[in-house]
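Chemist: only geometry, no sequence info:
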């Protein structure tokens with residue numbers, strides 16, 4: 001009987017997929033199909049949970065089948081992330097779009113990412129203080145206890161790396177290993193490796209124009225091939241969002257969300273404030289923030305549903321270049337750096353809120369100005385090397401709590417509502433990297449304002 005129910009549930013998902021396929025054949029706008037996938041996924045997930053219950057074995061088996069489409073789609077995006085970063089940065093050098101301004105561009109991107117992370121920490125602290133969050137208020141169940149024990153076991157004897165160590169970890173000792181994404185800092189390492197090859201190309205171009213032309217032709221060919229794969233994968237977005245949302249809603253613990261409602265609200269208040277800060281930065285650079293919001297909404301929506309900054313990278317870069325008028329070099333650097341440095345949500349807001357919540361448990365006054373400034377500084381420094389995949393926020397929290405000598409086991413106290421909060425954090429991470437790209441392009445006078453301001457330039461992400 002249970003097998004038949006699982007088959008029926010999978011058939012319901014396939015029926016929803018069929019609806020999206022029909023919409024595609026009728027040439028419904030890509031963005032509308034994305035929102036349709038989101039709505040169908042939420043409705044399907046709610047129906048499954050209400051019918052079976054969150055602890056149902058049938059639901060667990062059903063969502064494992066749903067993962068073939070949902071998690072499979074995210075993995076495909078992650079598959080193209082490293083090749084896209086590598087070839088796009090390399091081709092930017094062949095087009096001479098970043099040669100002279102490379103140092104200024106990289107410094108601006110890093111300054112914006114790290115600076116907004118520090119602001120994110122301050123906002124997180126403010127929100128935690130206003131809502132009077134205290135870790136002692138949380139009733140820890142089995143999941144929280146098990147998570148805490150696991151974290152404590154894995155971090156026994158662990159100390160937060162100092163800044164020089166973190167910087168050294170960014171360098172690619174083995175670029176082929178980093179192309180596999182084996183390290184949390186692999187993305188930045190690939191960026192650095194591609195930049196070295198780019199500068200090497202410029203040297204060849206000055207000495208041997210014929211050889212440089214041959215190299216450029218090869219790079220252009222690989223770039224066209226990679227972008228073809230990216231486009232194919234991005235066209236699967238409505239189906240991926242459908243399956244991801246169905247699984248997420250079906251397995252969300254609404255009882256825990258209700259009991260921890262204050263923590264959820266406080267988190268989203270901080271995340272929304274930081275998103276408004278991003279819009280303010282866009283506005284101060286002389287651009288219309290509502291244009292940025294409209295053109296980036298599709299990508300932010302995917303980041304929200306997928307909970308993967310790395311998985312969103314292809315859409316992030318395409319949105320910057322095709323919709324917002326950011327040059328390829330800047331877009332790729334901003335998107336790539338944003339995966340491992342300056343994640344406003346996962347490495348900024350979340351660790352700072354946890355630190356303020358946990359401080360009273362060890363007798364520290366969370367309102368002590370010295371403690372607050374220390375938290376902000378530690379959060380900004382620790383934001384280097386946080387992986388843009390699931391679990392990045394917990395890793396960032398462990399680093400911060402360890403550096404502040406706070407109990408790291410308490411990094412898992414919000415595990416019951418982690419998926420819900422992580423959705424907003426991921427969207428903020430992606431917005432932060434796009435804000436860095438747009439602002440840097442504006443400051444260096446390389447932004448194509450005609451593309452940015454042209455309301456007609458709202459091409460579908462999958463068609464860019």
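Modeler: Looks like it arrived, so ask away. Because the structure is predicted, anything quoted here is derived from the model rather than measured.
Chemist: going forward, measure contacts between C-alpha atoms and count neighbours the same way
Modeler: Noted.
Chemist: chain neighbours aside, what residue packs nearest to residue 86?
Modeler: residue 194 (5.6 Å; C-alpha to C-alpha, 6 or more residues apart in numbering).
Chemist: just the residues contacting whichever strand or helix holds the one you found, thanks.
Modeler: Taking DSSP states H and E as the criterion, residue 194 maps to helix 186-207. With C-alpha atoms under 8 Å, 6 or more residues apart in numbering as the test, helix 186-207 has contacts from 82, 85-87, 89-91, 93-94, 99, 170-172, 175, 178-181, 211-213, 215, 333, 336-337, 339-340.
Chemist: okay, now the unreliable bits of the stretch 51-200 of the chain?
Modeler: For the stretch 51-200 of the chain, applying pLDDT under 70 flags the ranges 96-100, 136-163.
Chemist: quick one, longest helix in this structure?
Modeler: In the chain, with assignment by DSSP state H, the single longest helix is helix 57-94.
Chemist: name the SS class of the residue sitting nearest the centre point of the chain, please.
Modeler: Among the residues of the chain, the one closest to the centroid is residue 309, at 2.1 Å (C-alpha atoms, centre = their mean). Recorded secondary structure, residue 309: coil (DSSP: H, G, I helix; E, B strand; the rest coil).
Chemist: how close does it get to residue 42?
Modeler: Residue 309 sits 21 Å away from residue 42, going by C-alpha to C-alpha, to the nearest Å.
Chemist: mind listing what's buried along stretch 363-373?
Modeler: Judged by neighbour count (16 or more other C-alpha atoms under 10 Å), stretch 363-373 contains these buried residues: 366, 371-372.
Chemist: where exactly do the strands run in this structure?
Modeler: Per DSSP state E, the chain carries no strands over any range.
Chemist: just to revisit the earlier point, tell me what the longest helix of the chain is packed against?
Modeler: If you count contacts as 3 or more C-alpha pairs under 8 Å, 6 or more residues apart in numbering; DSSP states H and E, helix 57-94 packs onto helix 2-25, helix 30-52, helix 186-207, helix 209-234, helix 237-250, helix 313-322, helix 328-340.
Chemist: again, 7 Å this time
Modeler: Counting contacts by 3 or more C-alpha pairs under 7 Å, 6 or more residues apart in numbering; DSSP states H and E, helix 57-94 is packed against helix 2-25, helix 186-207, helix 209-234, helix 237-250, helix 328-340.
Chemist: that one vs helix 2-25, what angle?
Modeler: Between helix 57-94 and helix 2-25, the angle formed by their directions is 40 degrees, by axes from the mean of the first three to the mean of the last three C-alpha atoms, to 10 degrees.
Chemist: tell me what angle helix 57-94 forms with helix 186-207.
Modeler: 20 degrees.
Chemist: re the thing from before, tabulate the buried residues of stretch 363-373 (CSV), appending distance to residue 6.
Modeler: Output for these, formatted as CSV (distance: C-alpha to C-alpha, whole Å):
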residue, distance to residue 6
366, 49
371, 52
372, 51
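Chemist: in the helix holding residue 194, what's buried?
Modeler: 186-195, 197-198, 201-202, 204-205.
Chemist: from the buried residues of stretch 363-373, pick the one nearest residue 344.
Modeler: Nearest to residue 344 out of the buried residues of stretch 363-373 is residue 372 (C-alpha to C-alpha; 17.3 Å).
Chemist: and that closest one, how close does it get to residue 266?
Modeler: Note on residue 372: its distance to residue 266, by C-alpha to C-alpha, is 18 Å.
Chemist: equivalent analysis for residue 330, please.
Modeler: In this view, residue 330 and residue 266 are 34 Å apart by C-alpha to C-alpha.
Chemist: more neighbours: these two, which one.
Modeler: residue 330 (30 against 21; other C-alpha atoms under 10 Å).
Chemist: quick check: that one touching residue 437?
Modeler: Yes - counting by C-alpha atoms under 7 Å, residue 330 does reach residue 437; the two are 5.9 Å apart.
Chemist: which residues does residue 336 contact?
Modeler: Shown in contact with residue 336 (C-alpha atoms under 7 Å, 6 or more residues apart in numbering): 85, 187-188.
Chemist: can I get those residues in JSON lines with distance to residue 105?
Modeler: JSON lines is the format used below for the contacts of residue 336 (distance: C-alpha to C-alpha, whole Å):
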{"residue": "85", "distance to residue 105": "16"}
{"residue": "187", "distance to residue 105": "18"}
{"residue": "188", "distance to residue 105": "15"}
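Chemist: is residue 45 in contact with residue 249, as I believe?
Modeler: Yes - assessed by C-alpha under 7 Å, residue 45 is found in contact with residue 249 at 4.8 Å.
Chemist: more crowded one of the two?
Modeler: Legend: neighbour count by other C-alpha under 10 Å for residue 45 and residue 249, higher for residue 45 (26 against 22).
Chemist: and the pLDDT for the more buried one?
Modeler: In this model, residue 45 is scored at 91, pLDDT.
Chemist: go on, residue 409?
Modeler: The model's pLDDT for residue 409 equals 66.
Chemist: repeat for the one 5 residues further on
Modeler: According to the per-residue confidence, residue 414 scores 67 in pLDDT.
Chemist: how about residue 333?
Modeler: pLDDT, residue 333: 84.
Chemist: residue 454 versus that one, what's the distance?
Modeler: Taken as C-alpha to C-alpha, the span from residue 333 to residue 454 is 24 Å.
Chemist: which one of these two has more residues nearby?
Modeler: residue 333 (25 against 13).
Chemist: next one: the more buried one from residue 284, what distance?
Modeler: Computed as C-alpha to C-alpha, the residue 333 to residue 284 distance reads 22 Å.
Chemist: check residue 177 too.
Modeler: From residue 177 to residue 284 the distance is 40 Å (C-alpha to C-alpha).
Chemist: buried set for stretch 314-334?
Modeler: In stretch 314-334, counting by 16+ other C-alpha under 10 Å, buried: 314-334.
Chemist: distance from stretch 217-234 to the middle of the chain?
Modeler: 23 Å (C-alpha atoms, centre = their mean, to the nearest Å).
Chemist: per-residue confidence averaged over that stretch?
Modeler: 90.
Chemist: quick one: buried residues of the longest helix of the chain?
Modeler: Buried residues in helix 57-94 (16+ other C-alpha under 10 Å): 58-63, 65-67, 69-71, 73-74, 76-94.
Chemist: got it, and stretch 3-16?
Modeler: Buried, per 16+ other C-alpha under 10 Å, within stretch 3-16: 6, 9-10, 13, 16.
Chemist: the closest residue to residue 433 other than its chain neighbours - how many residues pack around it?
Modeler: In this structure, residue 433 finds its nearest non-sequential neighbour in residue 338, 4.9 Å apart by C-alpha to C-alpha, 6+ apart. Residue 338 is flanked by 34 other residues according to other C-alpha under 10 Å.
Chemist: same question for residue 430.
Modeler: 32.
Chemist: which pLDDT value goes with it?
Modeler: Per-residue confidence at residue 430 stands at 94 (pLDDT).
Chemist: that one against residue 309, yeah?
Modeler: Yes - under the criterion of C-alpha under 7 Å, residue 430 makes contact with residue 309 at 6.2 Å.
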